[in-house]
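J.: Fold the following, please.
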Amino acid sequence: MAVYHGSFSIQSDRRTTFEDVTGRVQEILGKSGIRNGILVVFSQHTTCSVMIQEASDDVNYWNTELLMQDLVNVFENIIPTCRTEGQYLHPGPRHIVAAAGRDELPTWSLNTDAHLRSIIMGRSESIPLVDGAMTLGEFGRIYFADFDQVRARERVVRVQIVGE
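T.: Below you'll find the predicted structure:
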């Protein structure tokens, strides 16, 4: 049995960002030499998610696939975007002090909605590998989602493959 690790970076925007990472994950799988086993795609960021979904052929003016925009719209109804201090219990006063100690701007902590959305969506996907191929189904694509809307930044996506 072999274990292979890979990673790549994504630059998020200062809005909810989705990126189809299927091709990048496929490249890592090819380098691994593993043909049968399990592949895990993981976000180490607590405001981000990894999901498998169908690609939408249409995009909006922000270049967001319409299915992903529908997801944003649903989340806006159940977990509204954090727009002001006190809208959610988090961040509390201790968190703000700790963040200030890390030289973070106070507004960077107004991302409770992103944490909650990530909790619901999950931060990883496990994909069976059969004969060197990811079993995503006919329309399945792997997406990385960054729900944090307080600042743009670089994100890291990790891939771990276990098999033979």
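J.: In stretch 136-147, which residues are buried?
T.: Within stretch 136-147, the residues scored as buried using 16 or more other CB atoms under 10 Å are 136, 141, 142, 143, 144, 145, 146, 147. Just so you know, the C-beta spots here come from the backbone N, C-alpha and C atoms, and that holds for glycine as well.
J.: Quick check: closest non-adjacent residue to residue 35.
T.: Sequence neighbours aside, residue 132 is the residue nearest to residue 35 in space, at 4.3 Å (criterion: CB to CB, 6 or more residues apart in numbering).
J.: Quick check: mean pLDDT of the longest helix along the chain?
T.: Ranked by number of residues, the top helix in the chain under DSSP state H is helix 66-78. Across helix 66-78, pLDDT averages out at 97.
J.: Other residues contacting it?
T.: The contact list for helix 66-78 (CB atoms under 8 Å, 6 or more residues apart in numbering) reads 16, 18, 53-56, 58-60, 64, 113, 117, 143, 145, 147.
J.: and these, which are buried?
T.: Buried among the contacts of helix 66-78 (16+ other CB under 10 Å): 16, 18, 53, 56, 64, 113, 117, 143, 145, 147.
J.: Contacts only, for the closest residue to residue 122 other than its chain neighbours.
T.: Excluding the flanking residues, the one nearest residue 122 by CB to CB, 6+ apart is residue 49, at 6.0 Å. Contacts for residue 49 (CB under 8 Å, 6+ apart) come out as 43, 117, 118, 121, 122, 123, 144, 145, 147.
J.: Can you flag which of the contacts of helix 66-78 belong to helices?
T.: In helices, judged by DSSP H, the following of the contacts of helix 66-78 are found: 113, 117.
J.: which one of the contacts of helix 66-78 is nearest residue 25?
T.: Closest to residue 25 out of these is residue 143 (10.6 Å), distances taken as CB to CB.
J.: Counting neighbours, which bits of the helix or strand of the chain with the lowest mean pLDDT end up buried?
T.: Of all helical and strand segments in the chain, the minimum by mean pLDDT, DSSP states H and E falls on helix 93-101, at a mean of 91. Under the neighbour-count criterion of 16+ other CB under 10 Å, helix 93-101 has nothing buried.
J.: So which other helices or strands are in contact with it?
T.: If contacts are counted by 3 or more CB pairs under 8 Å, 6 or more residues apart in numbering; DSSP states H and E, helix 93-101 sits against no helix or strand.
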